[in-house]
Every structure is written in C-alpha cells, then in structure tokens.
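Structure for this input, please:
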Amino acid sequence: MSVLLDRIINFFKWPIAIYMFISLPAFYKSIDFFGFKNFQSVALIAGFFMYYIARTMADSSVKTSMQIIAHELTHSFFALLTFHKVEHIRLEADNSGGEMGFKGEGNWLIIIAPYFFPLFGFIYMIIMSFLPQSLILNGILGYFLGYHTDTVGSQIHDKQTDLPKVSYKFCWLFLPGANCWMIGSFLAFNSRGWEGVKVYFDLINHLNLQNFNYLINLVF
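Now for the predicted structure:
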C-alpha cells in the first residue's frame, strides 16, 4: 500500500508545486476574506506577538530542542500518514539536529513536511474543536501561528540537508504557496472553525479560476 501511495504522491510532485506557485496571487487577494475586524482576530494577533515576546526570554537551547523535536515528529507524522512504519527518532545531544528512519523509499511529502506543516498547531486545532469558544483559545492559536512562522523561517537555509533531496527549484515553487496556504488555514479556522477552512480552500480555487480566465481574455 505504501509503495503505491508513494508513487501517486511522487507523480503529483511538480503539478502540486506549480499549483502552489500560481496560487500566490490568489493567496494575496484572499486577505480581504478574513476582515480582521472581530475579537477572534485581535486575540489571534495578540497571541502571535506574545510568542515572539516569549521567544526573546526563552532559553535558546530549549527553543532549539523544541524545533528539532517538532521537525522530526512532523517527518514521522507524514511517514505514518502515508503508511510507512517509523523505525526510530533520534536527537543529537548537542542540539545540532536529529533524524528519523522509516521503512520503504518514502516520498517528497515526508521530506518537505516540516517546512510548511504546523504539526503542533494542527493538533491544537483538533483539540480546540472540542472546547467551548473562548478568546483565550484564539490567542493560543495565534501563539502556535507565531511558533510555526518562526520555526519555518529558522529551518530554511542552505545547510539544511532535506531541501536538496527534493531540489531547490521545487522548494522555490512549493514552499511559499504552501506556507501561505497553512497561514490562511489558521486564520480561517480562527474565525469559522473547520467550515471556515473549507470555505477558504474553495475561495482560493475560485480566485485561481478567476485569474486564469483573466489571463485567457488578456491573451486572446
């Protein structure tokens, strides 16, 4: 099963990267969708900045350890999601990095996942779905959004060993759009829950279609 799924995922590697790239104008245009004129958005933004305030006071070794743990757990999550057995997760004692191993050849999604997918934030969103609505919960969601942006920003550099495995060209095409997609999902969930995430996805597809029709009319 994992072999077949790997082949399907790998087959769609470049089409998905191109889709994410051409979606960048749609992600920009979708900003108006959120409005930001409600208390949930204020709480989210406050939580976002609270993360960066707390970050300046946190011990650097603890911060690095958490990022490495999140990184390897995200690899592992996508390995399990694509039916691969995770064999080990190792962290270096000096916080210089870590590694995880799984059975099978794998796919590009396992490799690139930590650079766009907010695992801790995703788990929190699931938990938040079962709790009564509260601005405190929205603020905590903003904290996780801050953590995601900080973690991704600190992990994307030329010494990162994962990025060459999928090629830098793919990263340039895929990662900006994929991270906009994730951030937009945070914002949509913050105001409307999972239904908001679905509406947001539909909006992006609609805006992409609009942009495509505009280009067609412009050319012809």
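
can you give me the strands in the protein?
Secondary structure of the chain (DSSP state E): strands at 86-91, 98-102.

any idea which of those is most buried?
Most buried of the strands of the chain, by mean neighbour count (mean count of other CB atoms under 10 Å): strand 98-102, with a mean of 17. Yep, even glycine has a C-beta here, placed from its N, CA and C like the rest.

how about CSV for the strands of the chain, with mean pLDDT and distance to residue 166 added?
CSV is the format used below for the strands of the chain (pLDDT from 0 to 100; distance: least, CB to CB, whole Å):
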stretch, mean pLDDT, distance to residue 166
strand 86-91, 85, 20
strand 98-102, 83, 16
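
okay if I get the ones you listed as TSV plus distance to residue 37?
Formatted as TSV, those follow (distance: least, CB to CB, whole Å):
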stretch	distance to residue 37
strand 86-91	43
strand 98-102	42
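
closest one to residue 36 among those strands?
strand 98-102 (36.9 Å; CB to CB).

Given the closest one, what are its sheet partners and their directions?
Strand 98-102 has these partner strands in its sheet, going by DSSP bridges: strand 86-91 (antiparallel).

returning to what we had before: nearest to residue 65 among the strands of the chain would be which one?
Going by CB to CB, the one of the strands of the chain nearest residue 65 is strand 86-91, 7.4 Å.

Tabulate the CA atom coordinates of that closest one in PDB.
The C-alpha coordinates for strand 86-91 follow below in PDB (Å, rounded to 0.1, in the frame of the first residue of the first chain):
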ATOM      1  CA  VAL A  86       8.600   4.700  11.700                       C
ATOM      2  CA  GLU A  87      11.700   2.800  13.000                       C
ATOM      3  CA  HIS A  88      13.400   5.400  15.100                       C
ATOM      4  CA  ILE A  89      13.600   9.100  16.000                       C
ATOM      5  CA  ARG A  90      17.000  10.400  17.200                       C
ATOM      6  CA  LEU A  91      18.000  13.800  18.600                       C
END
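
got any ranges where the protein has weak pLDDT?
Within the chain, the ranges that satisfy pLDDT under 70 run 61-62, 93-96.

Return the distance of stretch 45-52 from the chain's centre.
Counting by CA atoms, centre = their mean, to the nearest Å, stretch 45-52 is centred 18 Å from the centre of its parent chain.

For it, could you pull out the residues that count as buried?
Judged by neighbour count (16 or more other CB atoms under 10 Å), stretch 45-52 contains these buried residues: 45, 47, 48, 51.

quick one: contacts for the last one?
Spelled out, that is residue 51. By CB atoms under 8 Å, 6 or more residues apart in numbering, the contact list for residue 51 reads 142, 143, 144, 145, 146, 147, 150.
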